[in-house]
Every structure is written in structure tokens, then in C-alpha cells.
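1. pasting the sequence and the predicted coordinates here, then a few questions.
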Number of protein chains: 2
Amino acid sequence: MKKKQVSLKDIANEVGVSIATVSYVLSDRKDSRVSQAMAKKIKEVAKTLNYQPNKIAQSLKSGKTNTIGLIVADISNPFFANIARIIEDEATNLNYTVIFGSSDEKAEKSLHLIDFLSSRQVDGFIIVPSEGSDNQIIQLKQQNIPLVLIDRYFPNISTNYVVIDNFEASSKVIKELIVSGYERIGMIAYSNPLFHMRERIRGYKETIQNHFDNRVSSNLVEIDFNDSENQIRTGIDSLLARENPIEAIFFATNTLAILGLKYIDELSLRVPNDIAIVSFDEGEAFDFYYCPLTHIRQPLDEIGKKAVQVLTQQIAQPDIGEKQICLEADLIKGKSSLKL
Amino acid sequence: MKKKQVSLKDIANEVGVSIATVSYVLSDRKDSRVSQAMAKKIKEVAKTLNYQPNKIAQSLKSGKTNTIGLIVADISNPFFANIARIIEDEATNLNYTVIFGSSDEKAEKSLHLIDFLSSRQVDGFIIVPSEGSDNQIIQLKQQNIPLVLIDRYFPNISTNYVVIDNFEASSKVIKELIVSGYERIGMIAYSNPLFHMRERIRGYKETIQNHFDNRVSSNLVEIDFNDSENQIRTGIDSLLARENPIEAIFFATNTLAILGLKYIDELSLRVPNDIAIVSFDEGEAFDFYYCPLTHIRQPLDEIGKKAVQVLTQQIAQPDIGEKQICLEADLIKGKSSLKL
DNA sequence: AATATATGCTTAATCGTTTAAACAAAAAAA
DNA sequence: TTTTTTTGTTTAAACGATTAAGCATATATT
């Protein structure tokens, strides 16, 4: 009793012509030689039968699915969730579908996702690579599957990527804190070997070093991603317990900032009176935080759109060169970095 | 120079057998009569060539894509974003892929999405229906395409659905406020004719009526979804300007609560001292709100999982009866509904 | 009038997989 | 030994679309 979808065959039978003729008409080829009258009739029948081309069949024939595989590191992070939405929208504009998954920062999951998406014949990938996924990226490259990395990349693997200048962004943050009058500035980051994190840390360290000429030392705490809730507490404790307790904390991501601020609230410390705060990236949670946060705002829109554009260009034209795009992030000044 | 994906043909050539033999081996059919030795060899070659079955071809043959189309009303709403994630996870567990889109509460967009997903041959739909999409649902039913509605449903269309008892939830909220000592309770809702919203409003009105025996009147403000930012201000103003200003506001959704609280902050009103607040659903934004919010928590996990289960069961067994699941929501008591 | 070109439509192959049916050779039953 | 059954593999059709090539007619060019 299952009504099948109408196919070219159904239309062909109805009109009394061959499938090919119907196909020529409905795919609107300029070089087709079907008569006007026949074309009109076929189009009418197609409309009344409510014909929708079977994209699966089209894909099999063409070898293209018009589908992009998106792998983000952590979809529960609003930063990635937002970027996913932007990518989705831009892809839709360019007539692509997005299938996505979250690797949860695990190389193993990432590999599984790549296999999964590959078997569904995605035309290309946009990937936020996780730690240890280097070889997966190399594999994809060897298979000539178009891909664009975002947010992070591997400096020793030549790929398309769209990222921000994390060193520069970090540096901006520290300069702002210094200008505001802070000297003892701590940073809480992930102990993640990926380039973006190292750059953020390098921006912090070098800026402090350059500015204070080694007179003020840097205070970096690195945290294990999988035990962040505990380690952020001990981390903050340690920063505050130094002989010269730090006066400001720079959180390397929004997730760290959220956890950190919750603990700071628990400690009944006020921002910025007792401690200044700057965060990398935003979060809905900050909307109602009593003290508007100074933070780095990445050009999400641009990152997402550029990534899709670079990818679809490469899909259309595989021999086009690799594109490496590095954007600048803005520092949004709130009250959390003021010196009172 | 483009390396194609390896196909059964490649393996067959390599081993020197027919494609069919390879297919029998790799699809692990118990009734196949291929010799052990041959099977072993084929599996080995498949592994060394890193064969991945082409799901597009499989789908074309089988008529099944193992893909679910998910249409939510508004992906920027964390409620729907969370449910989308849960659905995605559960679908993955059951070996399904999810392709989704957001209708942005527009019937037109919803129709477009349905067509789009249909042409990609999804096996079934999970839909948060938007206003005016009744006929789209009826259409899908007529085409015998399995579907499950969530969050809302049309009482006059018989479908699978997984929802909560909105009347009951709303009633719980009002009872809590009354027990806390509030009498003049306002509600801000959307002027949306969909069942879930009407039920929330009915729960509010009837509970007040029953409890106060018409001695206290209800104070409902309905807001246009597309102009909510303005209308919520005038709405709150009007509730506060009555001869007997209301003492508590019940927001019918989290988006309304966020907008409302921002305005209430602007007015320098304190919660719950100056005004009590209850919200339907949560939001990350409330994490840092100074006053923990009393709110309705829906069993997102259960809704999402049940929806996927009902759908996949129907896909596997189209003649199975329709399932209508109505769950209960919890009232989470914060401090925003206390009477000080 | 004879040939060339244009027009309108059909045939058939193809994409990668599945699977019923056919077939040949080996093993079992007669 | 002959017949039947089992075993191991191949052939070929199918899913729904695309598209080069083919084949009649009809029209245009000599």
C-alpha cells in the first residue's frame, strides 16, 4: 500500500514518451531538442504528479552529493554551535547540505566520523581537528578529498584553513590589562598541544615578557580538558595563593571562563574589584553576568562563510591552490578588566 | 589524478571473481554459499584496499537511506538546540543519520525543508511543527512517510507525537506562586495558536480561576513572535501599570523570559523582591543570573529519545499503530518565586 | 531531384550495490 | 552407474537518474 515516489518513469509512462525525453525536459538543458509542445506537456504532468528528483540517484550518477561533512570539536560549546549554524546557512545558500558530528575532542571519535561521512560520499569536509587527528587529515589529503580546517590547523600539514591570529588576539588582551594598570596577570588554558592553544599561550607569555622586561613573571595554569571542573579550582587557588597573588585572570576559552567565574563567585570574589577577568570567546551565559565581560570576539560569520566558500570552490575546481586564511579577532571591552 | 573510492568491482578484479561474490561475502549473509577460503581472501583484499561501501548506491538499491529529517522551530533557541543534539545522539546509536533544518516558525520555510529533505529520501521525519504547517503534515501522512511530531501537535490530526502536558506544567507553576503567597500573577505568552501555547495559557487561566474563584482575575499579555523585543516591553509596562500591579510574571518560554528579565533589569526591579519570576524552560543565560530562577524543566532526554525510537520503529514496521506520548515536566524551584 | 542538415525522440550504457536465478562441478543418494 | 542434491560461483536485472549515440522524419541547401 506504500505509494512510491514518482520517478521519471512514471511521467514517461503517463505522457507516452521515453524516460530520456522526460529527463531532458526536466533538467532544462539548453541543448536539448525536445519540441516546445512536448516539453510543455511533460512539465505539466510532472507538476500534477508532484515530481521530485531522487537526489540519491542523481548523486550515484554524478558522483556528487552536494553534501558537506562538518566535524566540530565540541558541539555543546556555543562557539562551535554558532559556527555550525553559520556554516549550515552558508552551505544552504550555495545549495549544499551539511551533515555534522562532534568529535568531543577525541581523535578516535573524529576518525569514526570521517569514515561515516566518507561512506555517505560527502563532497568535502570542514573540520575542527582534535588532538592527534593529524594522520586523519593526511589520509584525507591523500585521497584527494577536499577539506578545510577551521579554528585550528597543523603547521606542518599543508591544508586549506580559516583561523584567527590567536597570538595577536592574546597579545591584545594582555596589553589591555596592562594599560588598565594590571601587572600580575594569570592565564588559565588547556594543556592542549594544538596550535591555536599554544599560540594563545605564547601571546600571553611574550607580551608580558616584552612589556615588563622579565620584571614580572607569567603565571600560567594548564588544565586537562577531561578534568577541567576540578583542576580549574585548584588552578585558581594556586594563582591566588602565590606570594604576590595575581590580580587578573585571562581564560583561554569561554568554557574555562564559565567554570572559572562560577568558582570565583563561590569564593565571593567580586569582578573586577577583587579580580579582573578576560575571556576568549563569548557565551550566552555571560548575558546576565553582573559585570560585562571583556572578551575576544572572533569573526564567526566570516570564518564560517569563508570556510564554506573555500571548500565549495575546491570541490568545483580540485586543482585550485590551497587557501590559508588568517583573520583578526576583536577585543570587546567590558567592565571586567577595569582597574578600580 | 583523482583516486576514486574503491568499489566492489575493484576488489572483484583484484581477487579475480565476480562482483556478486564479493558482495555476498562483504554483506555477511548467512545463507551465502561462498567458500571459506574465498571469503577469507576477499575480506583481506577488502581490508588492504580499505573498502568502504558506497551508501548512496546502497540507498538507491534498498530505498532506505537510514537518514532522519529533523525540522525544529528555531535552532537558536537552546531548548531546540539541546533536543536536536539528543535526537542526533540517539539516532546515531540506532545507526541513523540526522539532517536537520530550522523553520524559524515559518510554515513556508518548513515546507521548503520538507521538500528538500524528501528529495534526499529521508526515511522519516521528526518535526516541531510551526503555525500553519497543518497541511504539510497531512501531506506527509498521505504519502505514508513516517513522522513524529514533538513539542507540539495538532489535536485534529492523528499522528505520532511526543510532548509534555503543558496544561499541567503551567498549572504547577501557578500553584507554586499561589502557595508562595502571590495573588496578582501575570503571564506573558506568544500569540501563537498552536496547541502547546494554548495549553500553557489555559493552565494559567484555569488554575487562577479555580483557586481564587474569580476573585482574582488573570493578567495575560500575548506577544507577536516577530516583534517580541518591543512588545515585551509594552507588555511588562502594562502589567505593572494596572491599578493593582501584578507581583509575579510567568513567562511562557525561555526566550520570553530572557527578553523580559533584561527589561526588568533595565527598570531596576529586583527579583524576587520587586517582582517574582517563573520561566518555562531553561537557558544557559540563566546560569549567571543573580537570582536562581524557578522554572519548568522538560524531560528533554526522554522526549528526544522517545521520538527517535517511535520513528525508527515506524520506519521498520510501517503498519505499527500510532504512538502518542505525553510526558510530565518538572517544576524546579529557585529563589525567583519566593515571597520575601 | 539529390544531398545535407536540422529536428524530435529513443536506445542503451552507466554509476555501485543487491539478489534472484542460472549454471557448472562436486558430493550424496539411488 | 545414474540421478539427485549440494556447493561455489556467475549472470543479469534492478534502483532512478544522466547522456552520448543512433535513427527516423522533416526541412534546407545545392
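-> Good, I have the coordinates. Numbering: from 1, shown residues only, chains lettered A, B, ... in the order given.
2. and the residue nearest to A:R85 when sequence neighbours are not counted, what is it in contact with?
-> Nearest-residue entry for A:R85: B:I75, 6.3 Å, with adjacent residues in sequence omitted and distances by C-beta to C-beta, 6 or more residues apart in numbering or on different chains. All C-beta atoms are positioned from the backbone trio N, CA, C, and that covers glycine. Residues near B:I75 by C-beta atoms under 8 Å, 6 or more residues apart in numbering or on different chains: A:R85, B:A81, B:A84, B:F100, B:S102.
3. so what's the last one closest to, chain neighbours aside?
-> Leaving out its chain neighbours, the residue that sits closest to B:S102 by C-beta to C-beta, 6+ apart is B:I75, at 3.9 Å.
4. got a markdown table for the contacts of B:I75, with distance to A:N54 too?
-> Formatted as a markdown table, the contacts of B:I75 follow (distance: C-beta to C-beta, whole Å):
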| residue | distance to A:N54 |
| --- | --- |
| A:R85 | 28 |
| B:A81 | 31 |
| B:A84 | 26 |
| B:F100 | 21 |
| B:S102 | 25 |
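5. list just the nearest of those residues to DNA strand D.
-> Nearest to DNA strand D among the contacts of B:I75: B:F100, at 23.5 Å, using C-beta to the nearest atom of the strand.
6. pretty sure that closest one contacts B:G69?
-> Yes - here B:F100 reaches B:G69: they are 7.2 Å apart, a contact under C-beta atoms under 8 Å.
7. the two: which is more packed in?
-> B:G69 (26 against 22; other C-beta atoms under 10 Å in any protein chain shown).
8. quick check: bridge partners of the more buried one?
-> B:I99, B:F125 (DSSP bridges).
9. could you report the pLDDT at it?
-> pLDDT recorded at B:G69 is 96.
10. which residues are in contact with it?
-> Residues in contact with B:G69, defined by C-beta under 8 Å, 6+ apart, are B:V98, B:I99, B:F100, B:L113, B:I114, B:L117, B:S118, B:R120, B:V122, B:G124, B:F125, B:I126.
11. of these, which is the most crowded?
-> Result: B:I126 is most packed of these (other C-beta under 10 Å), 28 neighbours.
12. mind checking how far that one is from B:N156?
-> Distance of B:I126 to B:N156, computed by C-beta to C-beta, to the nearest Å: 20 Å.
13. what ranges does the stretch 151-300 of chain A have for its helices?
-> In the stretch 151-300 of chain A, the segments counted as helices under DSSP state H, counting those that start in this stretch are A:166-180, A:195-212, A:228-241, A:254-266, A:300-316.
14. so the residue nearest to A:R85 belongs to a helix, correct?
-> No - secondary structure of B:I75 (DSSP: H, G, I helix; E, B strand; the rest coil): coil, not part of a helix.
15. can you give me phi and psi for it?
-> Note on B:I75: backbone dihedrals following degrees, to the nearest 10 are phi -70, psi -20.
16. tell me, how many residues neighbour A:R242?
-> A:R242 is flanked by 12 other residues according to other C-beta under 10 Å.
17. how about A:L331?
-> 16.
18. distance of the residue nearest to B:S102 relative to DNA strand D?
-> According to C-beta to the nearest atom of the strand, to the nearest Å, B:I75 and DNA strand D sit 30 Å apart.
19. got it, and A:F80?
-> In terms of C-beta to the nearest atom of the strand, A:F80 sits 35 Å off from DNA strand D.
20. so which helix or strand takes in that residue?
-> Following DSSP states H and E, one finds A:F80 within helix A:78-93.
21. enumerate the positions of that helix that are buried.
-> Buried residues in helix A:78-93, defined by neighbour count with 16 or more other C-beta atoms under 10 Å in any protein chain shown: A:78-92.
22. and of these, the nearest to A:V6?
-> A:T92 (25.2 Å; C-beta to C-beta).
23. list the residues that contact the closest one.
-> Contact analysis of A:T92 by C-beta under 8 Å, 6+ apart lists A:V98, B:G101.
24. I figured A:L177 hits A:I277, correct?
-> No - using C-beta under 8 Å, A:L177 is not in contact with A:I277; the gap is 9.8 Å.
25. now do the shared contacts for those two.
-> A:A248, A:S337.
26. just to be sure, A:K141 is in a helix?
-> Yes - using three-state DSSP, the assignment for A:K141 is a helix.
27. what's the neighbour count on it?
-> For A:K141, the neighbour count with other C-beta under 10 Å is 15.
28. ok, A:A316 next?
-> Neighbour tally, A:A316, other C-beta under 10 Å: 12.
29. quick check: the gap between the residue lying closest to A:L259 once chain neighbours are set aside and chain B.
-> Leaving aside its chain neighbours, A:L259 sits nearest to A:I232 (4.8 Å; criterion: C-beta to C-beta, 6+ apart). Remark: distance between A:I232 and chain B (C-beta to the nearest C-beta, to the nearest Å) = 15 Å.
30. contacting residues for A:I232?
-> By C-beta under 8 Å, 6+ apart, the contact list for A:I232 reads A:I188, A:I223, A:L256, A:L259, A:G260, A:Y263.
31. rewinding a little: as JSON lines, the contacts of B:G69 with distance to DNA strand D and pLDDT would be great.
-> Shown next, in JSON lines, are those (distance: C-beta to the nearest atom of the strand, whole Å; pLDDT from 0 to 100):
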{"residue": "B:V98", "distance to DNA strand D": "23", "pLDDT": "93"}
{"residue": "B:I99", "distance to DNA strand D": "19", "pLDDT": "92"}
{"residue": "B:F100", "distance to DNA strand D": "24", "pLDDT": "89"}
{"residue": "B:L113", "distance to DNA strand D": "19", "pLDDT": "93"}
{"residue": "B:I114", "distance to DNA strand D": "17", "pLDDT": "95"}
{"residue": "B:L117", "distance to DNA strand D": "15", "pLDDT": "92"}
{"residue": "B:S118", "distance to DNA strand D": "12", "pLDDT": "92"}
{"residue": "B:R120", "distance to DNA strand D": "12", "pLDDT": "91"}
{"residue": "B:V122", "distance to DNA strand D": "15", "pLDDT": "96"}
{"residue": "B:G124", "distance to DNA strand D": "17", "pLDDT": "97"}
{"residue": "B:F125", "distance to DNA strand D": "19", "pLDDT": "98"}
{"residue": "B:I126", "distance to DNA strand D": "24", "pLDDT": "98"}
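32. looking at these, which is nearest chain A?
-> B:R120 (5.0 Å; C-beta to the nearest C-beta).
33. what's the domain layout of chain A?
-> Domain assignment for chain A by automatic domain parsing gives A:8-53, A:66-164+A:300-328, A:166-298.
34. any chance of a markdown table for those domains, columns distance to B:N192?
-> Compiled in a markdown table, the domains of chain A are given as follows (distance: least, C-beta to C-beta, whole Å):
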| stretch | distance to B:N192 |
| --- | --- |
| domain A:8-53 | 30 |
| domain A:66-164+A:300-328 | 23 |
| domain A:166-298 | 23 |
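35. what mean pLDDT does the helix holding A:F80 get?
-> So the average pLDDT for helix A:78-93 ends up being 94.
36. ok, now stretch A:331-340?
-> Averaged across stretch A:331-340, the pLDDT comes to 95.
37. next: stretch A:260-279.
-> Stretch A:260-279 carries an average pLDDT of 96.
38. same question for stretch A:197-210.
-> Rounded mean pLDDT across stretch A:197-210 is 97.
39. list of residues touching it?
-> The contact list for stretch A:197-210 (C-beta under 8 Å, 6+ apart) reads A:165-171, A:173-175, A:178, A:185, A:187, A:189-190, A:216-218, A:220, A:250, A:252, A:280.
40. repeat for stretch A:180-190
-> For stretch A:180-190, the surrounding residues in contact (C-beta under 8 Å, 6+ apart) are A:174, A:177-178, A:197, A:200-201, A:204, A:208, A:212, A:216, A:218-225, A:228, A:232, A:235-236, A:239, A:244-253, A:256, A:260, A:276, A:337-339.
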